[in-house]
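Visitor: starting from these lines, generate the structure:
(one chain, ligands or ions: 1)
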Amino acid sequence: MIQIKHVEIEILGGQNQIGGNIILIGYAGQQILLDIGMPLEGEGLTPDPGPVAEKLKSVDYCLISHSHQDHWGYMDLLPKSCVIYSGLDTQTLIRMTRFVTRRPFIGQTWHTFQSEKQLDLGEFSITPYLIDHSAFDAHAFLVRVGGVNLFYTGDIRFHGRKKVLSLKLAQRIRQTRIDLLLTEGTNLSPLQSSGPRKSESDLEDEFVKCFSANQLPAIVQMSGQNIDRLVTIFRACLKTNRMLVLDPYTAFVLSRLHHGKIPKLGDHWGIQVLMPEKEKQWESLGVVSTKVEWMGTEALDYEDLQAHQNYVLLFRYWIGQALATHDVLPSGSSFIYSLSSYYLDRMSHQWGELAPRIQSGDLKFYQIHASGHAYPDDLVHFIDTIQPDTILPIHTTDAEWFQRFGKKILHDGDTIE
Ligand SMILES: [Zn+2]
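Guide: All right, here's what the predicted structure looks like:
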């Protein structure tokens, strides 16, 4: 527990680790949570919360910064009386993840907020700010309570399609005295670091180069919820006259989001959906009752892919085997891995029958990726701009790195008057 004036702050998850953020803030008998993440460990998420569950019994409000599970995965532990807040598209994305992973409906009241509209929750005033991150609709929070101003970055970066929002935010927050900055530092760890600095627009150039290399199919392995990346790939498709073929899950995601500037099925001739017979469970699951209605376009089967080779297809685990069986990928086609290299080993297990063809060079293999998190020099600029009184690193394995700012780094047990 850390105390600033009469405000108590307890980090229940995410300290000295990547992900699993849970920040409990208490004042005058009220408690709020910033995120309720399930930690990522070893091969995946950690369903057992351990002693954390006991600490969540009296939480009044829970604010969720974005749709990655390491920021909301323990939601089921919240008491029924707790009121949840998130962005609208974050709510949609979380509900979709829960739906496809067959987790039941959450019983709590769940309101949505708008960026920069202050929420008054009891003693707490909270302003969410839309920021740049690899999750769509990600927010940082300014929390004012008991005469203390806390700023929580959530997961933030400064090199994606919304980088201007993150950059402007630093300029705006500098006008507020920040007693405590809770900041991420994912890329400070050599293990997590995604190598050379690249922006989403750098990736667009790389995709264009790759798609221009020949007229053969290109397969891209990426997260179906990484809308920034999808926009990057779609823009590269437009520039190279390629058809973008979505898997049903990604099509489902796009059809449910509310923001305007994302590729929409039906609005663009260049977007199609692969819905082979075997994937009709998307209908039986109730995801789609009439596929044409939500896709706005006819779905493709493997035979259609054979007829149109100049396409870019998003990869999902069931596609590797199916493409091999249907023999639709000629030699020299491209396979692009567009996720963190940290997960390459694990994700390559999904390649199935394509794995030997990738390894032998029969399929051209590319890695095109930029981190979802801030690069160290951007964090330096951000922290130098807002000049917080104290810093509490979270979502990082290198808290010592923050010593360079000459600010007090808070530890458990610290009290600030
Ligand atoms: Zn995240």
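
Visitor: and this structure, what are its domains?
Guide: 2-191+372-416, 200-367 (automatic domain parsing).

Visitor: turn those domains into CSV, including mean neighbour count and mean pLDDT.
Guide: (C-beta placed from N, C-alpha, C; glycine too.) CSV is the format used below for these (neighbours: other CB atoms under 10 Å; pLDDT from 0 to 100):
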stretch, mean neighbour count, mean pLDDT
domain 2-191+372-416, 19, 92
domain 200-367, 17, 83
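
Visitor: which residues of this protein lie near the ion?
Guide: Residues of the chain lying close to the ion (CB under 5 Å from the ion) are 68, 135, 155.

Visitor: what do you get if the cut-off is 8 Å, keeping everything else the same?
Guide: Contact residues (CB under 8 Å from the ion) of the chain with the ion: 19, 65-66, 68, 70-71, 133-135, 138, 154-155, 372-373.

Visitor: residue 54: which element?
Guide: For residue 54, the enclosing helix or strand under DSSP states H and E is helix 52-55.

Visitor: and the gap between the closest residue to the ion within the stretch 101-250 of the chain and residue 21?
Guide: Using CB to the ion, the point where the stretch 101-250 of the chain gets nearest to the ion is residue 155, with a distance of 3.5 Å. Separation of residue 155 from residue 21 (CB to CB, to the nearest Å) stands at 8 Å.

Visitor: swap in residue 15?
Guide: 9 Å.

Visitor: how close does the closest residue to residue 411 other than its chain neighbours sit to the ion?
Guide: Once flanking residues are discounted, residue 411 sits nearest to residue 2: 7.7 Å by CB to CB, 6 or more residues apart in numbering. For residue 2, the distance to the ion equals 23 Å [CB to the ion, to the nearest Å].

Visitor: quick one, phi psi at residue 2?
Guide: phi -120, psi 140 (degrees, to the nearest 10).

Visitor: do residue 60 as well
Guide: Per degrees, to the nearest 10, the backbone of residue 60 is at phi -90, psi -40.

Visitor: contact partners for the spatially most central residue of the chain?
Guide: Geometric centre of the chain, nearest residue: residue 135, 2.7 Å, by CA atoms, centre = their mean. By CB atoms under 8 Å, 6 or more residues apart in numbering, the contact list for residue 135 reads 66, 67, 68, 90, 93, 155, 225, 226, 372.

Visitor: quick check, nearest of these to residue 202?
Guide: Closest to residue 202 out of the contacts of residue 135 is residue 372 (14.6 Å), distances taken as CB to CB.

Visitor: returning to that earlier point: most widely separated two among the residues of the chain next to the ion?
Guide: Most distant of these, by CB to CB, are 19 and 138, 13.9 Å apart.

Visitor: list the residues that contact both of those two?
Guide: With CB under 8 Å, 6+ apart, residue 19 and residue 138 have no common neighbours.

Visitor: common neighbours of residue 15 and residue 21, please.
Guide: Joint contacts of residue 15 and residue 21 (CB under 8 Å, 6+ apart) are residue 394.

Visitor: mind giving me the packing neighbours of the helix holding residue 54?
Guide: strand 7-13 (3 or more CB pairs under 8 Å, 6 or more residues apart in numbering; DSSP states H and E).

Visitor: mind listing what residue 139 touches?
Guide: Contacts of residue 139 (CB under 8 Å, 6+ apart): 65, 66, 87, 90, 113, 115, 128, 129, 130, 131, 154.

Visitor: ok, and the closest non-adjacent residue to it?
Guide: residue 128 (4.2 Å).

Visitor: gap between the residue of the chain most remote from its centre and residue 123?
Guide: Centroid-distance maximum for the chain: residue 417 at 36.2 Å, with CA atoms, centre = their mean. Separation of residue 417 from residue 123 (CB to CB): 19 Å.

Visitor: for residue 28, same thing?
Guide: When residue 28 is compared with residue 123 (using CB to CB), they lie 5 Å apart.

Visitor: next, show the common contact partners of these two.
Guide: Joint contacts of residue 28 and residue 123 (CB under 8 Å, 6+ apart) are residue 146.

Visitor: which residue does the stretch 251-400 of the chain bring closest to the ion?
Guide: For the stretch 251-400 of the chain, CB to the ion, closest residue to the ion: residue 372, 6.0 Å.

Visitor: so residue 303 sits in a helix?
Guide: Yes: counting by DSSP: H, G, I helix; E, B strand; the rest coil, residue 303 is found in a helix.

Visitor: with adjacent residues omitted, what lies nearest to it?
Guide: Nearest to residue 303 is residue 326, by CB to CB, 6+ apart, at 8.0 Å.

Visitor: C-alpha coordinates for stretch 28-39, PDB please?
Guide: Extracted as PDB, the C-alpha positions of stretch 28-39 are listed here (Å, rounded to 0.1, in the frame of the first residue of the first chain):
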ATOM      1  CA  ALA A  28     -13.100   8.200   2.300                       C
ATOM      2  CA  GLY A  29     -14.500   4.600   2.400                       C
ATOM      3  CA  GLN A  30     -14.800   4.400  -1.400                       C
ATOM      4  CA  GLN A  31     -12.700   2.200  -3.700                       C
ATOM      5  CA  ILE A  32     -12.100   2.300  -7.500                       C
ATOM      6  CA  LEU A  33     -10.100   0.000  -9.700                       C
ATOM      7  CA  LEU A  34      -8.100   1.000 -12.700                       C
ATOM      8  CA  ASP A  35      -8.200  -2.100 -14.800                       C
ATOM      9  CA  ILE A  36      -8.700  -5.700 -13.600                       C
ATOM     10  CA  GLY A  37      -6.200  -7.600 -15.700                       C
ATOM     11  CA  MET A  38      -5.400 -11.300 -15.900                       C
ATOM     12  CA  PRO A  39      -1.600 -11.600 -15.900                       C
END
